[in-house]
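Trainee: okay, here's the prediction I keep looking at, along with the sequence it came from:
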Amino acid sequence: MVNQAHLTLLKQGTSVWNHWRNQHRGVHLDLSQANLNQINLREAALEKTNLQGAMLSHADLCMADLSRANLQQADLRASLFYTTNLEAADLRQANLEGADLREACLQSASLYKANLQHASLRMANLRQANLREANLFQANFSFANLSQVDACLADFTGADLTQADLTAAKLYTANLSQSTLYAANLSHADLREAILSQANLREANLREADLSMSIFCLANLVGATLYKANLSQANLSLANLCMANLSHANLKRSTLIGANLIGANLYTANFQGARLDEADLREASLGKANLMGAKLVKANLNMANLTGANLTRANLSQANLHQANLWNANLEGACLTGAIMPDGKLHE
């Protein structure tokens with residue numbers, strides 16, 4: 001329970017508290033369950049303080065030192081943490097709804113099951129933080145450092161992650177639907193079974209990311225880098241991949257029905273058993289791509305480069321191959337019924 005002497009000192013203001021703290025460094029501070037709503041604790045020295053279950057809604061904690069503090073289950077709604085040091089702090093199940101955490105240091109902090117909906121974490125440092133199962137609905141993470149973060153099962157619905165650094169982040173089964181990941185760095189990230197429906201990933205870096213069984217329906221991936229990415233069994237139906245770089249990517253048994261792949265780089269990509277029905281592949285580079293057994297019914301391959309591509313047993317019925325480059329392509333066992341051939345003639 002709260003130490004009343006500590007609470008009385010704290011309520012006398014930051015200068016009194018910090019002066020006392022400097023002289024009593026070895027004292028264990030217990031402010032658990034304390035009612036500190038709307039208090040001004042700017043620049044307060046609160047490192048390693050026990051604030052478990054404390055009420056700090058609408059409090060001003062800007063520039064305070066809360067490193068390694070225990071804020072488990074604390075009420076921190078709409079509180080100010082601008083540039084605050086929360087490194088390695090315990091914020092498990094804390095309520096940070098609408099909190100201002102711009103430029104705050106949350107490196108290695110635990111935010112397991114924390115509520116951060118509508119919170120601002122713009123330019124915050126969350127490197128190696130634990131965000132498992134956290135509620136991040138419409139939170140602002142623009143330009144934030146989330147490298148190596150563990151955000152498995154977290155809800156990022158509608159969140160702003162513009163130019164955020166998510167290098168090697170763990171986002172297994174995370175919900176990122178309708179989120180903004182414009183120019184974000186997701187290289188080597190684990191996004192297996194993640195939901196990215198209607199997400200904006202324009203110009204995002206997903207190099208060598210694991211996106212197997214993820215959902216990208218109606219997502220914007222224009223100009224995105226997916227070099228050597230694992231998209232096996234992923235659903236990219238109606239996604240916009242115009243000018244995206246998918247060279248050497250694994251798209252085995254993936255679904256790209258109606259996807260826009262105009263001008264995309266698909267060199268040596270593996271589409272074995274993939275669904276590309278009605279996909280727009282005009283001017284796409286498919287040199288040496290593996291399309292064995294792929295379904296390309298009514299796909300538009302006008303002016304596509306299929307040099308050396310493997311189309312063995314592919315279904316190209318009613319596909320548009322007008323002016324496509326099929327030099328050295330393997331079409332053994334392929335279905336071309338009703339397809340428009342490179343010379344403009346209809347295959348019967």
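Mentor: Cool, the structure landed.
Trainee: skipping adjacent residues, who's closest to residue 212 in space?
Mentor: Residue nearest to residue 212 in three dimensions, not counting chain neighbours: residue 232, with 4.7 Å by C-beta to C-beta, 6 or more residues apart in numbering. Using the backbone N, CA and C atoms, a C-beta is placed for each residue, glycine as well.
Trainee: any figure for the gap between that neighbour and residue 294?
Mentor: Remark: distance between residue 232 and residue 294 (C-beta to C-beta, to the nearest Å) = 13 Å.
Trainee: next: residue 236.
Mentor: When C-beta to C-beta is applied, the distance between residue 236 and residue 294 equals 14 Å.
Trainee: kindly report the same for residue 86.
Mentor: 49 Å.
Trainee: how about the backbone phi and psi for residue 16?
Mentor: Main-chain dihedrals, residue 16, degrees, to the nearest 10: phi -70, psi -50.
Trainee: ok, residue 4 next?
Mentor: Residue torsions, per degrees, to the nearest 10, at residue 4 are phi -60, psi -30.
Trainee: could you do the one 3 residues further on as well?
Mentor: Main-chain dihedrals, residue 7, degrees, to the nearest 10: phi -60, psi -40.
Trainee: kindly report the same for residue 260.
Mentor: Residue 260 adopts backbone torsions of phi -100, psi 110, taken as degrees, to the nearest 10.
Trainee: you'd agree it is up against residue 240?
Mentor: Yes. Under the contact definition of C-beta atoms under 8 Å, residue 260 touches residue 240, with a separation of 4.6 Å.
Trainee: which helix or which strand is home to residue 147?
Mentor: For residue 147, there is no enclosing helix or strand under DSSP states H and E.
Trainee: verify the stated contact: it with residue 108.
Mentor: No. Counting by C-beta under 8 Å, residue 147 does not reach residue 108; the two are 11.9 Å apart.
Trainee: so for those two, which sits in the more crowded spot?
Mentor: Comparing residue 147 with residue 108 by neighbour count (other C-beta atoms under 10 Å), the higher total belongs to residue 147, at 21 against 18.
Trainee: for that one, give me the pLDDT.
Mentor: At residue 147, the model reports a pLDDT of 98.
Trainee: can you give me the strands for the chain?
Mentor: For the chain, applying DSSP state E gives no strands.
Trainee: name the residue most distant from the centre of it?
Mentor: Among the residues of the chain, the one whose C-alpha is farthest from the average of all C-alpha positions is residue 348, by C-alpha atoms, centre = their mean at 46.4 Å.
Trainee: surely it and residue 339 touch.
Mentor: No. Counting by C-beta under 8 Å, no contact exists between residue 348 and residue 339, whose distance comes to 9.5 Å.
Trainee: how about low-confidence regions in the stretch 101-250 of the chain?
Mentor: By pLDDT under 70, the stretch 101-250 of the chain has no low-scoring segment.
Trainee: quick revisit: how far away is the residue nearest to residue 212 from residue 38?
Mentor: Separation of residue 232 from residue 38 (C-beta to C-beta): 52 Å.
Trainee: more crowded one of those two?
Mentor: Summary of the neighbour comparison: residue 232 and residue 38, criterion other C-beta under 10 Å, with residue 232 having more neighbours (21 against 13).
Trainee: distance of the more buried one from residue 250?
Mentor: The gap separating residue 232 from residue 250 is 5 Å, by C-beta to C-beta.
Trainee: between residue 147 and residue 108, what contacts are shared?
Mentor: In terms of C-beta atoms under 8 Å, 6 or more residues apart in numbering, residue 147 and residue 108 are both contacted by the residues 127-128.
Trainee: residue 4 - how many residues pack around it?
Mentor: Neighbouring residues of residue 4 were enumerated by other C-beta under 10 Å; the total is 10.
Trainee: for residue 28, that is, sorry about that
Mentor: Residue crowding around residue 28 was assessed by other C-beta under 10 Å; the count is 9.
Trainee: what is the nearest residue to it once chain neighbours are set aside paired to in the beta sheet?
Mentor: Spatial nearest neighbour of residue 28, chain neighbours left out: residue 50 (7.5 Å); criterion: C-beta to C-beta, 6+ apart. Here residue 50 sits in beta bridges with residue 30, residue 70, as judged by DSSP bridges.
Trainee: my read: residue 50 touches residue 32, true?
Mentor: Yes. Counting by C-beta under 8 Å, residue 50 sits close enough to residue 32 to count as a contact (5.0 Å).
Trainee: between these two, what contacts are shared?
Mentor: Once C-beta under 8 Å, 6+ apart is applied, the residues that residue 50 and residue 32 both contact turn out to be residue 70.
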